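1. Give the three-dimensional model of this entry:
(chains A and B)
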Amino acid sequence: MRLVKQAIDRDGSGTITLFPEDPEDMWFTYNLIRPSDLLRASALRRITTESATGSTSSTRVHINLLIRVEKLDFDTQSSQLHVSGRIVEETKYTKVGQWHTLDLELNRNLTLEKKDGWDSVARNLVKEACDPAKQADVWAVIMQEGLAHLAVLTGQRTVLRQKVEATVPKKRGTGKQGDHDKALERFFQTTLDTLLRHIDLSANLPILLASPGFVAQAFLKFILETATRTGNKPLIGQKGNFVVVHAASGYLHSLNEVLQSAEVLAKLKDTKYARETKLIDTFMNLLYKDDGRAAYGPREVEQAVEKGAVGRGGGILLISDSLFRAQDVATRRRWVGLVDRVRETEGGEVRILSGTHESGRQLEGLGGIAAMLTFPLEYLDEEDGVEDENALPNGDTNEEKT
Amino acid sequence: MSRHKLVKALDLDEELDDFDGGAESDYGEEIGAEDKEQLRVGTARVRDVLGPGVSIRDREIEDSLWHYYYDVDKTVDYLLGQRTNSQTPKKTKKQRTAAEVKQPDAPINSTQDWGTGDHITTSDTFSSWAAPFSTADFFSDCPWLNIPGDRHGDILIEPLYPRGGLLGGSSKSDGAPKSKLAALAAARKQKEIQKAEDGQNATNSAALLDKLIGKPRQLKPDGAPISSSGTPLSAITEQTVKEQPRKYPRRKSKRLESPEDDQPAKKTSQKLSCSASPEIEKPPEIIPTAGPSVFAQIIFGAPAGSQQHEVYTSDRYMLRPDTYTEFDFAGPSPDDVVTKAQNTKGPTKKPVKQPPQPPSGDQGVNAVAQSVGNVTIEEPLVKRKNLDVAAEFEKSKPKNAANFVVIGHVDAGKSTLMGRLLYDLKVVDQRTLDKYRKEAERIGKASFALAWVLDQGTEERNRGVTIDIAMNKFETKTTSFTILDAPGHRDFIPNMIAGASQADFAVLVIDASTGNFESGLKGQTKEHALLVRSMGVQRIVIAVNKLDTVQWSRDRFDEISQQISAFLTSAGFLAKNLAFVPCAGLTGDNIVRKAQDPHASWYTGAPLISLLESSEPVTRALEKPLRMTVDDIFRGGVQNPLSVSGRLDAGNVQIGDTVVIMPASQTATIRGLEVDSESSDWAVAGQNVVLHLADIEAKYLKSGDVVCPPSAPIRCVTSFTVKILAFEHITPMHCEVHKGRLHAPGRVTKLVAQLDKASGAAVKGKKPRLIKPGSVAKVLVEVDDPIPLEQGGKVILRAGGETIGAGLVE
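-> Residues are numbered from 1 along each chain as shown, chains lettered A, B, ... in the order given. Sure, this is the predicted structure:
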């Protein structure tokens, strides 16, 4: 993402013009745009004109439209963002109040004006999105016998690309082992085929193979054997990119463990997801100590912040980005306010975790927000904890899973 | 090879065979004195064998003897066979004999025979049947305008149909093993014929016996030509002429069996189109009406009586009696002949491809259709026997059956111990073990040989680690046991859970060697013990293994016993349900036999096997609705493309039952059932069964699914409350839900309440924000996809490769 133009006043009003360059930027854009914002982007609109005689002709025109955003739709698989809303600026072809759905395209400017001004979270997001240090994607195959999840980890997201399921007969006494081996091989073949369908080998990305037991090793062996047998040069060339890691199970949430393993950390060093994973792990350990220095859940964390526990000297606020995606402006303001307070008033650290990464999802399990406190606070949330427990916009997160 | 050579090489016997056929009409005169003598002697012997109680006329016996070449045994067989048949076929058969003597052989013989032999000796009658489709020939033997009624029908049917591609070979009805199919077809055919014949007889309305026995008559002349020795030539000729009407059907039957008729299935020509039979190569064309060759005339013109007998003894002729029975329709139908011929002659045409058989008419077609049906389509017709399974189970007075799971830390020697147990109980023979030993040595894992008895997997053997549950059966005098050898490695705990969920009691194997016990205790020893306890296992036998490595130190054993006992009682096992035994799996001490090591003499208790036997029978929920967690889905064999295995948790099942597979909600029919690898009609709770399913596709099945009756399907839920004993810290978190083989990704979404460990009541006060290990709590769990769960179901929650808790679904 390139920041083309920034015109933000002191009070936060103003516009920002962005130039998205790769699919990942669409994700940023999705997080940035909220309903009721003003968005100007190039559009392809079909114009129907009626002549005096009553015959109609239809043409497609490229125009720049300014719309008031009403709805966003993000396709995780293809990283496409569709923003629909009503046109607020008359053009040669359109009237005010007409509907239009902008299909945001890569390499075309978009200009965004926030209705309630640019808050700190939004501005930070822009800053982060325009960080030139690009993070490479990583492929991960989390598998166990008969089950494989193919996921791609980008800087911001973990996208499950495909799930492979196969029935592998269990071992059944003497002489029947062939069934198992054959089925396993078939499962490997399917997984490999699926992987090759999704992956662009020329990108030379690391591929994590993770499983409990020996499945991943067997799979790697199978891949190399198959590559050699079929003379698949590009695949043989990937040999160095495969990393076999241990995972507790073949389910996607085992990715957390995978990302913490030494092999992966060595390869991926300081990526955002590795950092996030580490962070959530630290928090969990703190929570398990149960010494009152870990708080989770909206109400509890808010209380902790109020009491000044998330401050200088180790106070860290963990918050899932999905909280900021709230449709309700007031809710968003609440979280932005909390973040601002921790960051500016309290002097604590704020980490916004991507809700699509496994670590972020783990955080969402805790209510989307958690905090490491500088001093123990016992019996937070004593009287009323129930109402707020599910502050998380659930529909929003489920949509990301697919 | 040139045909001439072939002809030259022909067996003289065969030639003469034909000849005597030709000589048939006047054989009465030619029957020699010695033949008569032989006949007489033979008849006497047959009578002897048959005994006085059997009323068979001399003529019949002689007749048969003649056909069987004085083989008394065969004759007796035949006669007795005849008697068992109804009278009518017997008689009809008899009539045929005269012509029959010759006919079966004729086609088998070489071409020359066709062209010559027949015509020299016999009249046109023979040529007529030799060219079956020539109408002129066909009627040549009939009196003008006096065509017998029965022939009318035959004409209509027969000539129009192409001959079936029957492979030759005579059918043996006597004693030769028949395929079921053949027998069935034969039975059908016989029935049909009998019916037809009965009808015919009815129309004739005369007394049946009279007719059959009496003087030569138009339709049913009593022609037992051989026995009627001395019959003048003229009489016999007349007889044959009269017989012609009957001959026709006979001919068609005969043609069915004659080898040369097999091939020309495609030919619809009216000529008898011959083809190369596998045995005798014939020129493709035979013109039966051609005059006899000079050669043949010379050869067959003046046959000698003595030669006849030699002829009759030829192998080929020996086949003839079968044709008799064939005509009697007691033998296999033409289709069977084909089938049989194919079986014996190797790869030929498939019966499926044969065109309908004209001679047998509709029934032939039916027979073929039926045989095809029998061969290719197995109708999954599953009949429910409506058994009262519980009562059957009571009746069967089963041995005590017990499943036990073998648990313990990785490398504690679980598989080796069980391998030794099976070996010492002679479930595994020495040879197999030697083989394993050799193979194990080859990959440098000699000490794993015993474990290989259970570790059958390729990966398991290469790595020396049990990966999946191994199931093995063995029986002692009182009990039949099923071993569930669980993997000890932490990565395979899901498999171990699957095994433990099927177990009645557990054997905990502990590595006594220095250091390993301690590491095991921290590792899976504890986790496994807790897991089996939370899955409802009450009784546990602790095998302190590898004591040979510490010189059977009693102190070590006591120390371990003490620690484990303390731990297990704290985990909720009753002290009386614990039993300790020091043993060494590798050497086999204290497994089946007592330890021989003198250092081990301090142990006076029973070896492992006795402790296993003292397990109490488990009560089973027989009358509850069926519940079976699918353990494995596999191809049960050619007959059973889809089978599932598992243990019946509750209820009973029998063949023919319709079941519902949850959560797919698909119905299936049980077409077969195996209990402990032996097929059975029913199974009850507690048994390890294999269900062969029909009417369902494999894609609907997953291991962990539950088989239930349609009337009471298990509920599938996505969200449920669990009363859980925490092994680790529990917060709202991702986890896997395990129940037997079932595992599903899910989340703890809410910590509902902390429970008091003793009373089970919710602890008043604040809502828990963290469940600490060892405490009991109520939590809400959600899963992505519905899973079959029932109240009281035991689930295990795992996260990050560790068991975080086990509990009961509420």
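2. which residue packs closest to the residue in chain B that chain A sits nearest to, ignoring adjacent ones?
-> Relative to chain A, the nearest point of chain B is B:G801 (3.1 Å; Cβ to the nearest Cβ). The C-beta positions use only the backbone N, C-alpha and C, and glycine is treated the same way. Using Cβ to Cβ, 6 or more residues apart in numbering or on different chains and skipping the chain neighbours, the partner closest in space to B:G801 is A:A248 (3.1 Å).
3. Kindly report the same for B:H738.
-> B:I796 (4.2 Å).
4. what's the answer for B:A762, then?
-> What sits nearest to B:A762 in space, not counting adjacent residues and going by Cβ to Cβ, 6+ apart, is B:A753, at 4.0 Å.
5. list the contacts for that neighbour?
-> When contacts are counted by Cβ atoms under 8 Å, 6 or more residues apart in numbering or on different chains, B:A753 touches B:762-763, B:767-768, B:777-778.
6. how does chain B divide up, domain by domain?
-> Following automatic domain parsing, chain B resolves into domains at B:3-373, B:390-613, B:627-708, B:716-809.
7. what's the answer for chain A, then?
-> Domains of chain A are assigned by automatic domain parsing as A:2-129, A:140-268, A:272-401.
8. From one end of the second one to the other, what's the distance?
-> So that's domain A:140-268. End-to-end span of domain A:140-268 (Cα to Cα, to the nearest Å): 12 Å.
9. Distance from the chain centre to it, please.
-> 22 Å (Cα atoms, centre = their mean, to the nearest Å).
10. circling back to that earlier point, test my guess that the residue of chain B closest to chain A contacts A:P212.
-> Yes: applying Cβ atoms under 8 Å as the test, B:G801 and A:P212 come out as touching, 7.1 Å apart.
11. who has more neighbours, the two?
-> Taking other Cβ atoms under 10 Å in any protein chain shown, B:G801 and A:P212 do not tie; A:P212 has more neighbours (25 against 16).
12. could you list every residue that touches the residue lying closest to that one once chain neighbours are set aside?
-> The shortest distance from A:P212 to any non-neighbouring residue, by Cβ to Cβ, 6+ apart, is to B:D491 (3.8 Å). B:D491 makes contacts with A:212-213, A:246, A:248, B:801, as judged by Cβ under 8 Å, 6+ apart.
13. sec struct for B:P768, please.
-> coil (DSSP: H, G, I helix; E, B strand; the rest coil).
14. tell me, how many neighbours does it end up with?
-> By other Cβ under 10 Å, the residues close to B:P768 number 21.
15. My read is that A:L366 contacts A:Y296, right?
-> Yes: counting by Cβ under 8 Å, A:L366 does reach A:Y296; the two are 4.0 Å apart.
16. so where do the helices sit in the stretch 201-350 of chain A?
-> A:215-230, A:233-237, A:255-260, A:262-268, A:272-289, A:298-306, A:329-340 (DSSP state H, counting those that start in this stretch).
17. what's the answer for the stretch 51-200 of chain A, then?
-> Going by DSSP H, counting those that start in this stretch, the stretch 51-200 of chain A shows helices at A:120-129, A:177-198.
18. Can you tell me which residues in the stretch 501-650 of chain B are near chain A?
-> Counting by Cβ under 8 Å from any Cβ of the partner chain, the stretch 501-650 of chain B comes close to chain A at B:631-635, B:645.
19. from those residues, which ones fall inside strands?
-> Among those, the members falling in strands (DSSP state E) are B:631-634, B:645.
20. Pipe the residues you listed into a markdown table and attach distance to B:A575 and pLDDT per row.
-> Formatted as a markdown table, these follow (distance: Cβ to Cβ, whole Å; pLDDT from 0 to 100):
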| residue | distance to B:A575 | pLDDT |
| --- | --- | --- |
| B:D631 | 33 | 86 |
| B:D632 | 37 | 85 |
| B:I633 | 41 | 86 |
| B:F634 | 42 | 84 |
| B:S645 | 36 | 88 |
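21. from these, which two are the most distant?
-> B:D631 and B:F634 (10.0 Å; Cβ to Cβ).
22. Need the residues touching each of these two.
-> Counting by Cβ under 8 Å, 6+ apart, the contacts common to B:D631 and B:F634 are A:170, B:644-645.
23. So which of those residues wins on neighbours?
-> B:V644 (27 neighbours).
24. who does the closest residue to it other than its chain neighbours bridge with?
-> Among residues not flanking B:V644 along the chain, B:V630 sits closest, at 4.7 Å (Cβ to Cβ, 6+ apart). Beta-bridge pairing of B:V630, defined through DSSP bridges, involves B:G646.
25. for A:V83, same thing?
-> Counting by DSSP bridges, A:V83 forms beta bridges with A:L72, A:L102.
26. In this structure it contacts A:H100, no?
-> No: using Cβ under 8 Å as the test, A:V83 is too far from A:H100 to be in contact (9.1 Å).
27. dump the residue contacts of B:V294.
-> Contacts of B:V294 by Cβ under 8 Å, 6+ apart: none found.
28. Which single residue in chain A comes nearest to chain B?
-> In chain A, the residue that lies nearest chain B is A:A248 (3.1 Å; Cβ to the nearest Cβ).
29. So what's the residue count around that residue?
-> Using other Cβ under 10 Å, A:A248 has 25 other residues around it.
30. pretty sure it is touching A:A210, no?
-> No: using Cβ under 8 Å, A:A248 makes no contact with A:A210, being 9.2 Å away.
31. joint contacts of these two?
-> Counting by Cβ under 8 Å, 6+ apart, the shared contacts of A:A248 and A:A210 are A:254, A:257.
32. follow-up on the earlier one: now the residue of chain B closest to chain A: how far from A:T158?
-> 20 Å (Cβ to Cβ, to the nearest Å).
33. same thing with B:A401?
-> 48 Å.
34. neighbour-wise, which of these two wins?
-> Neighbours per residue (other Cβ under 10 Å) separate B:A401 from A:T158, with A:T158 holding more: 25 against 20.
35. can you give me phi and psi for the closest residue to that one other than its chain neighbours?
-> Nearest non-adjacent residue to A:T158, counting by Cβ to Cβ, 6+ apart: A:H357, 4.9 Å away. Backbone torsions for A:H357, taken as degrees, to the nearest 10, come to phi -70, psi 160.
36. Strands of the stretch 501-650 of chain B, residue ranges please.
-> Assigned by DSSP state E, counting those that start in this stretch, the stretch 501-650 of chain B shows strands spanning B:505-511, B:539-545, B:578-582, B:627-634, B:643-650.
37. what's next to the second one, contact-wise?
-> Counting contacts by Cβ under 8 Å, 6+ apart, the residues outside strand B:539-545 that touch it are B:404, B:408, B:412-413, B:417, B:504-512, B:529, B:532, B:557, B:560-561, B:564, B:568, B:573, B:577-585, B:608, B:611-612, B:615-616.
38. Mind listing the strands that strand pairs with, and their directions?
-> strand B:505-511 (parallel), strand B:578-582 (parallel).
39. average pLDDT for it?
-> In this model, strand B:539-545 has a mean pLDDT of 89.
40. Name the residues of that strand that come out as buried.
-> Buried residues in strand B:539-545, defined by neighbour count with 16 or more other Cβ atoms under 10 Å in any protein chain shown: B:539-545.
41. wait, what's in contact with A:F375?
-> Contacts for A:F375 (Cβ under 8 Å, 6+ apart) come out as A:293, A:309.
42. What is the nearest of the buried residues of strand B:539-545 to A:F28?
-> B:I540 (57.1 Å).
43. what's the burial count for B:S677?
-> 13.
44. ok, it - contacts?
-> Neighbour list for B:S677: B:473, B:690 [criterion: Cβ under 8 Å, 6+ apart].
45. so what's the backbone phi/psi at it?
-> The phi/psi pair for B:S677 (degrees, to the nearest 10) is phi 60, psi 20.
46. what's the pLDDT at it?
-> 78.
47. next one: B:H489
-> 86.
48. B:P380 now?
-> Predicted confidence (pLDDT) for B:P380: 47.
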